[in-house]
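**Student:** Quick one, what's the 3D model for this:
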Amino acid sequence: MKERTNNVFDEKDDRVVELFTQLGMPKNIAKTLMYICQVEECRSTDIEQAADLRQPEVSVAMQELRKRNWVEKRDLKKQGKGRPVHVYSPTVTLDKIIDSFEEEKLAQINDIRTNITELRESVSTF
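**Tutor:** As a prediction, the model looks like this:
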């Protein structure tokens, strides 16, 4: 049997995931993001084990992270028949991701402020 070491989240990782989720990021995406940003590359099964997620949760998270161009996927051909194994790697640093996330949240705040101002102006005529 092959010996393999598995990475697991520590308290700091859990806290970062908690902060991302408090800011509106789905937990499965936050966990997947935290894992993938700390390794050179990994398979989805690595993420499942370390982040305590199910395969469909990792799959959905990876779709979102790839859509944002934060992660790239490459396929490893298996010997013989069968589906290739997907290997994922980060395309940007966690700092850049946080910057992007911050911009997104600040834009949302500005939209809320604009809507509240318009709401106040609209009801002031009643």
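**Student:** Would you list the strands that the helix or strand harbouring Glu72 pairs with, along with their directions?
**Tutor:** In the assignment (DSSP states H and E), Glu72 maps to strand 71-76. According to DSSP bridges, strand 71-76 has the following sheet partners: strand 85-90 (antiparallel).
**Student:** centre of the chain versus the helix or strand following the partner strand, how much separation?
**Tutor:** Following strand 85-90 in sequence order, the next helix or strand is helix 94-123 (DSSP H and E). Distance of helix 94-123 from its chain centroid, counting by CA atoms, centre = their mean, to the nearest Å, is 21 Å.
**Student:** residues in contact with the residue nearest to Glu72 when sequence neighbours are not counted?
**Tutor:** Taking CB to CB, 6 or more residues apart in numbering, and ignoring the residues beside it in sequence, Glu72 has Thr91 as its nearest neighbour in space, at 5.2 Å. (Each C-beta comes from the backbone N, C-alpha and C, glycine too.) Contacts for Thr91 (CB atoms under 8 Å, 6 or more residues apart in numbering) come out as Asn69, Trp70, Val71, Glu72.
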